[in-house]
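*Asks:* here's my sequence, what's the structure:
(chains A and B, ligands or ions: 2)
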Amino acid sequence: MNAQPTVQEVTPDIRKDIQIALLHTMLRVRKFEEKAQELFLNNKIPGFAHVSIGQEAVAAGVCLSLSEGDYITSTHRGHGHCIAKGMEFPRMFAELMGKRTGYCRGKGGSMHVADFSRGVLGANGIVGGGIPIATGAALSAQIQKNDSVVACFFGDGAMAQGAFHESLNVAALWKLPVIYVCENNLYGEWTHYTRQHSIPDLSQRALAYGIPGQRVDGMDALAIYRAATQAIARARGGEGPTLLECVTFRYFGHYIGDPHPGRTDHEIENAKLRDPIDHLRQALLASGALTDRELALFELGLGNEIADAVAFAEQSDDPEPESAFEDLFV
Amino acid sequence: MKRISYTQAVTEALQEEMRRDPKVVIWGEDTAGAGGAFHMTPGFADEFGTNRVRDTPIAENIIVGLAVGAAMTGLRPIAELMFADFFGCAMDQVMNQMAKARYMFGGQITLPITVRAASGAGTRAAAQHSQSLHSWFMNLPGLKVVVPSTPADVKGLLKSSIRDNNPVLFFEHKALFNIKDQVPVGEYSIPLGVADVKRQGTDVTIVAVQQMVYRALEAAEILAERGISAEVIDPRTLVPLDRETIVNSIKKTRRLVVVDECNLTSGAQNEIIALAVERAFDYLDAPPRRLGVPDVPFAQSPVLEDYILPKSGQIVSAVQEIIR
Ligand SMILES: Cc1ncc(C[n+]2csc(CCOP(=O)(O)OP(=O)(O)O)c2C)c(N)n1
Ligand SMILES: [Mg+2]
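*Replies:* Ligands and ions are numbered 1, 2, ... in the order given. Here you go, the predicted structure:
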């Protein structure tokens, strides 16, 4: 009766250029966030911000499986999703710094960055707040029959929200073209997820909705790419949503500057042994798909791109104070 | 003109807008199969198909959330919440997402959403199905708030709400559902932000909302017999609020009574009193008065409900106290 639909291993070997793109994307995310951390600690970024260093494989693996007309919703820890979906450094840094040249004219900041022209329907400062929105975008795609798929990112903590249940129930009921991607980094703030959830394998929640659920190694970009590609094909084919639980780890604290004292050095070092970037880099170099020289050139270019983007953001003006009154109503 | 009920006016507005614009979609609990919990979408699923007209699960946060995501990606959704009291279950999507998305994202998008909900007391529905919560949303920038009292206003304002490119909360008053009145035949709409003077007068301005408009008109009738000429203003929309019409009336009559079904503390009444104090203080011959529901919930007993809901006699007394 209530048998869970099975996920089949159908994805063929991932093309080498895609593997390289996955590595490049992860490097872009990491370098962006390392710089954001530095800027924050030098008081160049106001408020607070969260980085996803260690979790880059999820953003890269999922976003590279999407097509151009597809959408994502993101979270408070969303820089990686945005960059992987194609948002550009200069306006990202400018937004984090609250500058008028930022994607949201300095109104959003790190937790509310968005680029609708690239299908990024917004980061979200409310844990779980993006899940209904992703579901609505998927309903919209179904109604308009435009072939778009939505990838909805959220953390392990968000899976305890009622919004998660309300969304998955209706998405499964209507077979909406959406994939739900849980980034299980083991903690919601400073509390381990097993102290917030009644079951240890969060992907099993899919059973309750009669949809496929899959636990994926969230430190392995190829595994995520494979799982996401399949889930997206299923969604696009009208078969409905999939829940992917990507088990990963954030190397730093909950927010930039937070030491997260509850975790042991051992726990962190262990996770770093499985670093998603090191992992794929070594594999690509060993197989000859990528040479040291090519990689060095890429990293050089990336460094320059970041430096230019930061300069652009720093040189950008603050918003006009009166612009506080703009963008509310049409 | 033709005579139709308040709920028929809702139906006609929805139907005409859905016929006009294929991007208009509607969903809520029992909207499609049952034709609406209050029978305001009868036959819609047949006419427009279950792609555009949907029955949702009983899950208010997603009912609004679906609208936010759909509006961001090209549709013009109408979300039905059945009772306004259920806003409580939908609040994150209402206050943190729908109201703020355009602003937070620097104006990248518009959110042409209409959320409809039945509000108001007088139907013996007790504490969780009788509230008038419109004042909450006046304190939440980014939402328009519509509170129609007559069938003609319902139809004209609902059509404007659906066409508006901003999120609009449209409150339909349950005690007025069966009221019938003249409605223009053919295409018309009423702009948001234009108050309606429901009765002209010279001695006192009574600003009243939804069901209270009728009680204010009854009061005005009684006052007329006593030689007092009351002007009754129905703001029709609270965001945007037609401040000019209200202020001009106060300057003319020099007295103000406000009556609404919000609980008195921080209810919508207070915004209008503040308006009078800030913009017409020198014209006032007497302190403005406010009538509303005292700060207790509605009880089920008709005796208890009626006791706390403002009545025309109380409006008359309030006016006479400040005219003397
Ligand atoms: C509704 C809501 N509750 C609480 C918070 C405070 N908060 C911000 S991030 C966070 C932890 C979220 O955990 P998880 O979903 O696992 O995401 P992670 O931070 O691990 O990426 C909390 C509790 C919030 N922003 N929104
Ligand atoms: Mg977490």
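*Asks:* what residues sit buried inside the helix ranked longest in chain A?
*Replies:* Under DSSP state H, the helix in chain A containing the largest number of residues is helix A:16-41. Using 16 or more other C-beta atoms under 10 Å in any protein chain shown as the test for burial, helix A:16-41 gives A:19-33, A:35-37, A:39-40. In short, each C-beta sits where N, CA and C put it, glycine included.
*Asks:* now do that helix: distance to the chain's middle.
*Replies:* Between the centre of helix A:16-41 and the centre of its chain there are 12 Å (C-alpha atoms, centre = their mean, to the nearest Å).
*Asks:* please determine how far residue A:251 is located from residue B:113.
*Replies:* To residue B:113, residue A:251 is 40 Å away according to C-beta to C-beta, to the nearest Å.
*Asks:* count of residues packed around the nearest residue to residue B:233 once chain neighbours are set aside?
*Replies:* With sequence-adjacent residues excluded and distances taken as C-beta to C-beta, 6 or more residues apart in numbering or on different chains, residue B:233 is closest to residue B:207, at 4.9 Å. When neighbours are defined as other C-beta atoms under 10 Å in any protein chain shown, residue B:207 has 30 of them.
*Asks:* quick revisit: neighbour count winner among residue A:251 and residue B:113?
*Replies:* residue B:113 (30 against 18).
*Asks:* show me what contacts the residue of the stretch 151-300 of chain A found nearest chain B?
*Replies:* The stretch 151-300 of chain A approaches chain B most closely through residue A:166 (3.8 Å), counting by C-beta to the nearest C-beta. Residues in contact with residue A:166 (C-beta atoms under 8 Å, 6 or more residues apart in numbering or on different chains) are A:132, B:57, B:59, B:61-62, B:65.
*Asks:* so how far is residue B:64 from whichever residue of chain B sits closest to ligand 2?
*Replies:* Residue of chain B nearest ligand 2, by C-beta to the ion: residue B:92 (18.8 Å). Distance, residue B:92 to residue B:64, using C-beta to C-beta: 9 Å.
*Asks:* count the residues that sit near the nearest residue to residue B:254 once chain neighbours are set aside.
*Replies:* Spatially, and ignoring its direct neighbours in sequence, residue B:254 is nearest to residue B:285 (4.3 Å; C-beta to C-beta, 6+ apart). Neighbour count of residue B:285, defined by other C-beta under 10 Å: 11.
*Asks:* the residue nearest to residue B:233 belongs to a strand?
*Replies:* Yes: with DSSP: H, G, I helix; E, B strand; the rest coil as the criterion, residue B:207 is part of a strand.
*Asks:* show me the beta-bridge partners of it.
*Replies:* Beta bridges link residue B:207 to residue B:233, residue B:258 when assigned by DSSP bridges.
*Asks:* could you double-check that it lies in contact with residue B:256?
*Replies:* Yes: with contact defined as C-beta atoms under 8 Å, residue B:207 counts as touching residue B:256 (7.0 Å).
*Asks:* any idea what residue B:114 is bridged to?
*Replies:* residue B:78, residue B:168.
*Asks:* I'd assumed residue B:81 was in contact with it.
*Replies:* No: counting by C-beta under 8 Å, residue B:114 sits too far from residue B:81 to count as a contact (11.0 Å).
*Asks:* so between the two, which is more surrounded?
*Replies:* The neighbour comparison of residue B:114 against residue B:81 (other C-beta under 10 Å) goes to residue B:114, with 29 against 22.
*Asks:* what pLDDT does the more buried one get?
*Replies:* As predicted, residue B:114 sits at a pLDDT of 99.
*Asks:* now residue A:114: closest residue in space that isn't a chain neighbour?
*Replies:* Once flanking residues are discounted, residue A:114 sits nearest to residue A:122: 3.9 Å by C-beta to C-beta, 6+ apart.
*Asks:* number of nearby residues for residue B:324?
*Replies:* Residue B:324: 5 neighbours (other C-beta under 10 Å).
*Asks:* which residues in the stretch 101-250 of chain A form helices?
*Replies:* Along the stretch 101-250 of chain A, the stretches classed as helices by DSSP state H, counting those that start in this stretch are A:130-144, A:162-174, A:221-236.
*Asks:* likewise the stretch 151-300 of chain B?
*Replies:* Taking DSSP H, counting those that start in this stretch as the criterion, the stretch 151-300 of chain B carries its helices at B:151-163, B:211-225, B:243-253, B:268-280.
*Asks:* tell me which of the ones you listed is the most buried.
*Replies:* Highest mean neighbour count among those (mean count of other C-beta atoms under 10 Å in any protein chain shown): helix B:151-163, with a mean of 24.
*Asks:* what residue in the stretch 201-330 of chain A comes nearest to ligand 1?
*Replies:* Nearest residue of the stretch 201-330 of chain A to ligand 1 (C-beta to the nearest ligand atom) works out as residue A:254 at 5.9 Å.
*Asks:* now do that residue against residue A:49, distance only.
*Replies:* Relative to residue A:49, residue A:254 is positioned 11 Å away (C-beta to C-beta).
*Asks:* any idea how far whichever residue of chain B sits closest to ligand 1 is from residue A:74?
*Replies:* In chain B, the residue found nearest to ligand 1 is residue B:92; the distance is 7.0 Å by C-beta to the nearest ligand atom. Separation of residue B:92 from residue A:74 (C-beta to C-beta) stands at 16 Å.
*Asks:* between the two, which has more neighbouring residues?
*Replies:* Neighbour count, other C-beta under 10 Å: between residue B:92 and residue A:74, residue A:74 has more, with 28 against 20.
*Asks:* which residues are in contact with residue A:261?
*Replies:* Taking C-beta under 8 Å, 6+ apart, one finds residue A:190 in contact with residue A:261.
*Asks:* which SS state does it fall under?
*Replies:* Under three-state DSSP, residue A:261 falls in the coil class.
*Asks:* what do you get for residue A:254?
*Replies:* Following three-state DSSP, the label given to residue A:254 is coil.
*Asks:* distance of it relative to residue A:185?
*Replies:* From residue A:254 over to residue A:185 the distance is 10 Å, taken as C-beta to C-beta.
*Asks:* what's the answer for residue A:36, then?
*Replies:* Going from residue A:36 to residue A:185 by C-beta to C-beta gives 18 Å.
*Asks:* secondary structure element for the closest residue to residue B:79 other than its chain neighbours?
*Replies:* Once flanking residues are discounted, residue B:79 sits nearest to residue B:67: 4.3 Å by C-beta to C-beta, 6+ apart. Taking DSSP states H and E as the definition, one finds residue B:67 inside helix B:60-72.
*Asks:* centre of the chain to that helix, how far?
*Replies:* Distance, centroid of helix B:60-72 to centroid of chain: 21 Å (C-alpha atoms, centre = their mean).
*Asks:* ok so, going back, would you turn the helices of the stretch 151-300 of chain B into CSV with distance to chain A?
*Replies:* As requested, the helices of the stretch 151-300 of chain B are exported to CSV (distance: least, C-beta to the nearest C-beta, whole Å):
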stretch, distance to chain A
helix B:151-163, 11
helix B:211-225, 26
helix B:243-253, 16
helix B:268-280, 18
